[in-house]
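K.L.:
structure of the sequence below:
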Amino acid sequence: MRLFLAAVVLTVLGLLGVGYSWVQSPLDLDTPVVDVSIAPGSSARQVANSLAEAGVHANPSLLYWWFRLSGQSRAIKAGSYELEAGTTPQSLLHKFVNGDQALRNVTLVEGWTFVQVREALRKAQHLKPDSAPLSAQELMGQLGLPNLHPEGRFFPDTYSYAKGSSDIAVLQRAMRAMDQQLEAAWSLRNPQVPLKTPEDALVLASIIEKETGRASDQGLISAVFNNRLLIGMRLQTDPTVIYGLGESFDGNLRRADLVADTPYNTYTREGLPPSPISMPGKTALLAAVQPAASKALYFVARGDGSSEFSESLDAHNRAVNKYQRGQ
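P.N.:
Numbers count the residues shown, from 1 in each chain. As a prediction, the model looks like this:
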């Protein structure tokens with residue numbers, strides 16, 4: 001009897017040793033990196049079968065019992081995962097339980113238009129192009145705002161996503177981020193600015209974003225536009241004209257373009273254009289509602305990325321001669 005019990009104990013210890021060695025040993029993979037997708041609600045057995053189908057050379061039954069005996073089978077999270085060489089059953093389960101998904105990034109840049117945003121999403125790696133067949137308005141409908149112009153509605157930032165995610169989900173996050181940033185900026189607005197709504201602030205911020213890449217100049221540029229709005233002077237800003245030209249703009253803004261009336265021509269129309277013209281970043285949003293303390297009504301590019309600001313037309317003309325005409 002004692003010999004039998006000893007044999008049983010040795011057998012159990014042997015099995016435990018083999019099991020421990022197995023969970024610590026690297027799994028054999030079809031390729032250096034194997035992609036595994038776990039659907040929501042998958043059982044431990046379905047997860048084990050998915051691994052085998054994806055190219056993990058391990059007995060699905062062994063994987064299933066490992067998940068069950070670990071006591072963590074119900075903690076496995078759905079998602080898209082990458083398994084690399086050296087992955088063991090133990091590290092595999094740890095990855096699934098912690099939801100350590102394979103992530104990619106897409107960056108939306110300050111000053112981009114909606115067309116550029118869509119192009120960036122189209123080129124993003126392993127991002128499902130669910131928005132590709134949709135028109136701009138159909139896409140905004142999917143985002144819950146069917147009657148809203150899409151320009152400027154998405155906050156420029158870097159967004160991480162799991163492989164196989166929908167590009168619409170990324171846009172939803174970017175839209176929520178813009179709503180939050182705009183709300184925060186509006187709450188800090190100078191009560192003296194003539195902007196009546198957060199929408200006005202978003203439109204003006206989009207113009208400021210396109211007028212300069214220098215955050216240090218944005219407050220002064222905001223002052224120029226806010227000052228003009230206060231006295232009923234037209235904004236007369238080239239980026240809005242260019243936006244209104246759309247695809248017909250060939251990179252050369254002509255005098256005829258400045259007098260051709262469109263809803264976005266701020267040389268021919270007073271006030272703000274009907275929508276944003278780009279994605280403003282945080283500094284542009286804040287500049288729109290917190291302009292610098294300045295009476296400037298004009299500015300001209302110096303040629304080094306900065307601008308010269310003037311309070312009078314005579315001073316502005318002298319600055320134009322100096323920086324644009326080389327006089």
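K.L.:
the helix or strand where residue 288 lies: how far from the chain's middle?
P.N.:
Here residue 288 sits within helix 282-289, counting by DSSP states H and E. In terms of CA atoms, centre = their mean, to the nearest Å, the centre of helix 282-289 is found 18 Å from the chain centre.
K.L.:
per-residue confidence at the residue lying closest to residue 283 once chain neighbours are set aside?
P.N.:
Closest residue in space to residue 283, ignoring its immediate chain neighbours: residue 215 at 4.5 Å, by CB to CB, 6 or more residues apart in numbering. Yep, even glycine has a C-beta here, placed from its N, CA and C like the rest. Predicted confidence (pLDDT) for residue 215: 87.
K.L.:
got it, and the one 10 residues further on?
P.N.:
Per-residue confidence (pLDDT) for residue 225: 98.
K.L.:
which outside residues touch the host helix or strand of it?
P.N.:
According to DSSP H and E, residue 225 maps onto helix 215-231. By CB atoms under 8 Å, 6 or more residues apart in numbering, the surrounding residues in contact with helix 215-231 are 193-195, 204, 207-209, 211-212, 233-237, 271-272, 283-284, 287-288, 290-299, 306-307, 309.
K.L.:
from those residues, which land in strands?
P.N.:
Judged by DSSP state E, those include 298, 299, 307, 309 as members of strands.
K.L.:
need these in TSV with neighbour count and pLDDT, can you?
P.N.:
Below are those laid out as TSV (neighbours: other CB atoms under 10 Å; pLDDT from 0 to 100):
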residue	neighbour count	pLDDT
298	20	92
299	22	91
307	22	88
309	21	88
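K.L.:
next, give me the two most distant ones among those residues.
P.N.:
Spatially, the most separated pair among those is 298 and 307, at 9.6 Å (CB to CB).
K.L.:
before we move on, back to that, closest to residue 71 out of the ones in strands among the contacts of helix 215-231?
P.N.:
residue 307 (64.7 Å).
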